[in-house]
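K.L.:
return atomic coordinates for the entry below.
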Amino acid sequence: MIGALSKKVLDSVVYNKKCATCTKRKNNNQKHLCVKNYEGSSKSMEASALTKMLIRLPEEKGVSICGIITDDDSNGRSKSRHVANGGVLPLNVEEPVFRADPSHRKRVFARPIYNLSALPMKKSAVTKGLASHIKYCYGACVKRNRNKTPKELLAMVRNILEHIYGSHDTCDASWCYDKKAIQENVPYNPPADHRLDKAKYPETYQQLKEIFEQYSSIEMMSYCNHPYDTQTNEALNQVIATVAAKSVCYSGSISLFSRIALVIGIHNMGYYNFFTELFQRVGVGMTAILAKFLHAKNERKDRKKVYERRLDVKVKRSKQQKKQIQEIYKERTDMSYGHAVGIPIDKSKKRKQNSDQNNPLNKNIPQKKCKCGSTTHSCVSQKDCPRNPPKNLDVVLAQNNATPQPQSENMSLSGTQELPSSTDIPSSTDIPSSLWQPGPRQTKIVLALCNGDKPQSSKN
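P.N.:
Okay, the predicted model is just below:
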């Protein structure tokens, strides 16, 4: 439970449904610190913790809770009543007045509108873009007019539907760009998915009107008529989730209590004050380096809090979130599906080669080049290569005859012995096919055979 004005934790309850020591030692009566303190369903755990804090605070601290800002939890509201009214609170405890969190109420209001956007156009003309726009208008209207009476707030929320259908008589020029453009005599073209035609889509108008009447009554507006929220609770839940991850079970020992107490202590007191008090109770001294580090963390936390509350920073963060959502939506809608989309149907090498060359992703990739200088193939051993010895032996030997070969151990050439002339070189038909060994050094084997020597091994 967090104070609405101070944003500090007033009270907390940690429930455990099992104890690791009791589970492992069922037949052992050894004394231990048992952490099991709740028996019941997990669904009713939050409501039980709420009623426990409402009863405990007046008795131990002398504090009475008169109002609570929560989500629309009917179970917690039904139990937080006097026993005569069907609840569990005693008569000496004041019944709290429940209010709704505006952010949560906005999500509840937008859920049936998004359900309309999932229907085909024949049944509903609401698109996802229009549903998102209505959700934003509802949240902005409630947040900017929370200090007004529920009746005034109701009229402003009902005006959103008429604003979407092009009626701007009751709109305010401070937020309605259409009316501002009319007053300034300036043309304004709103996004196409933010407006609807009442004459063209009368059924959609009735569908939206029923949703607005259900979630924008006087009673519903009275729940939102306050300047408070539950953002601090959500932020603390995220911090606790990082310290006590849900993927690891800490509820079987005292570890869960310690981790939650650590987060609450740092939130209420700050890093330096909390660890100073902790070290004094334990009897451990604090070094100057650690104290300087904790002061720096406090200053960084305060600067971040002030920075995130600035209006320009909020607008920038909202635009970034909207841009990310649009990019994700675009990626999902641009995906094309078809028959055997992941299987190459055409197995033709020629077409595959052309498709690889026309692919824009392969333009920056260097093409493979053969030793002969051609880019149509990548290896000498391929059939298209003019240096392929089994097919074009005469051409290869002519090229080697034009350029003298250096002395090598693989050849039986002595001193300044010259290569035989082209008339002494046998043709490819005179050499038995059994002497050919596949590999990159076939040319050297041919030269050795021309001198009357035999290769020493197949590797050479």
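
K.L.:
where does pLDDT dip in the stretch 101-250 of the chain?
P.N.:
Applying pLDDT under 70 to the stretch 101-250 of the chain flags no residue at all.

K.L.:
how about the strands of this protein, start to end?
P.N.:
With DSSP state E, the ranges of strands along the chain come out as 67-70, 97-100.

K.L.:
so for the first one, what gets flagged as buried?
P.N.:
Looking back up the chat, that one is strand 67-70. Neighbour-count burial for strand 67-70 flags 68-70 (criterion: 16 or more other Cβ atoms under 10 Å). In this view, the C-beta of every residue, glycine as well, is placed from N, C-alpha and C.

K.L.:
send me it as CSV with only the CA atoms.
P.N.:
Extracted in CSV, the C-alpha atoms of strand 67-70 (Å, rounded to 0.1, in the frame of the first residue of the first chain):
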residue,chain,number,x,y,z
GLY,A,67,-9.8,5.9,0.1
ILE,A,68,-8.1,3.4,-2.2
ILE,A,69,-7.1,3.8,-5.9
THR,A,70,-7.1,0.3,-7.5
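
K.L.:
count the residues that sit near Lys143.
P.N.:
Using other Cβ atoms under 10 Å, Lys143 has 14 neighbouring residues.

K.L.:
which ones are touching it?
P.N.:
Listed by Cβ atoms under 8 Å, 6 or more residues apart in numbering, the contact set of Lys143 reads Pro102.

K.L.:
then His295?
P.N.:
Here His295 is in contact with Tyr272 (Cβ under 8 Å, 6+ apart).

K.L.:
Gln280 versus that one, what's the distance?
P.N.:
Distance, His295 to Gln280, by Cβ to Cβ, to the nearest Å: 17 Å.

K.L.:
same question for Lys61.
P.N.:
Per Cβ to Cβ, Lys61 is found 24 Å from Gln280.

K.L.:
still on that earlier bit, same list (the strands of the chain) but as TSV, adding distance to Lys383 and mean pLDDT.
P.N.:
Below are the strands of the chain laid out as TSV (distance: least, Cβ to Cβ, whole Å; pLDDT from 0 to 100):
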stretch	distance to Lys383	mean pLDDT
strand 67-70	78	89
strand 97-100	78	89
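
K.L.:
looking at those, which is closest to Leu311?
P.N.:
Ranking the strands of the chain by distance to Leu311, with Cβ to Cβ as the measure, places strand 67-70 first at 23.5 Å.

K.L.:
show me what the closest one is packed up against.
P.N.:
Identification of packing neighbours for strand 67-70 by 3 or more Cβ pairs under 8 Å, 6 or more residues apart in numbering; DSSP states H and E yields strand 97-100.

K.L.:
return the strand it packs on as CSV; C-alpha atoms alone will do.
P.N.:
What follows is strand 97-100, C-alpha atoms only, in CSV (Å, rounded to 0.1, in the frame of the first residue of the first chain):
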residue,chain,number,x,y,z
VAL,A,97,-14.0,4.6,-0.8
PHE,A,98,-12.7,3.0,-4.0
ARG,A,99,-11.6,4.9,-7.0
ALA,A,100,-10.4,3.7,-10.4
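
K.L.:
direction included, what does that strand pair against?
P.N.:
Taking DSSP bridges as the criterion, strand 97-100 forms sheet pairs with strand 67-70 (parallel).

K.L.:
contacts for the strand it pairs with, please.
P.N.:
Contacts for strand 67-70 (Cβ under 8 Å, 6+ apart): 4, 50, 76-77, 80, 96-101, 226, 228-230.

K.L.:
count of residues packed around Val93?
P.N.:
By the other Cβ under 10 Å criterion, the neighbourhood of Val93 contains 20 residues.

K.L.:
going forward, the N-terminal residue is numbered 52.
P.N.:
New numbering, starting at 52: the last item is Val144.

K.L.:
that one contacts Pro109, doesn't it?
P.N.:
Yes - here Val144 reaches Pro109: they are 5.9 Å apart, a contact under Cβ atoms under 8 Å.

K.L.:
between those two, which contacts overlap?
P.N.:
Shared contacts of Val144 and Pro109, defined by Cβ under 8 Å, 6+ apart, comprise Ser115.

K.L.:
now the helices for the stretch 302-451 of the chain?
P.N.:
Along the stretch 302-451 of the chain, counting by DSSP state H, counting those that start in this stretch, helices occupy 306-320, 322-333, 339-359, 362-385, 400-409, 444-453.

K.L.:
of all the ones you listed, which one is nearest Lys434?
P.N.:
helix 400-409 (12.4 Å).

K.L.:
where's Lys173 relative to Gln258, distance?
P.N.:
Distance of Lys173 to Gln258, computed by Cβ to Cβ: 13 Å.

K.L.:
and for Ile233?
P.N.:
The value you get for Ile233 to Gln258, if Cβ to Cβ is used, is 28 Å.

K.L.:
which one of those two is surrounded by more residues?
P.N.:
Remark: of Ile233 and Gln258, Gln258 carries more neighbours, 20 against 14, as counted by other Cβ under 10 Å.

K.L.:
who's in contact with that one?
P.N.:
Listed by Cβ under 8 Å, 6+ apart, the contact set of Gln258 reads 167, 175, 177.

K.L.:
highest neighbour count among those?
P.N.:
Val177 (24 neighbours).

K.L.:
state the distance from the residue nearest to Val208 when sequence neighbours are not counted to Lys179.
P.N.:
Once flanking residues are discounted, Val208 sits nearest to Ser267: 4.5 Å by Cβ to Cβ, 6 or more residues apart in numbering. Going from Ser267 to Lys179 by Cβ to Cβ gives 22 Å.

K.L.:
also Val299?
P.N.:
37 Å.

K.L.:
okay, these two: which has more neighbours?
P.N.:
Per other Cβ under 10 Å, whichever of Val299 and Lys179 has more neighbours is Lys179, with 14 against 9.
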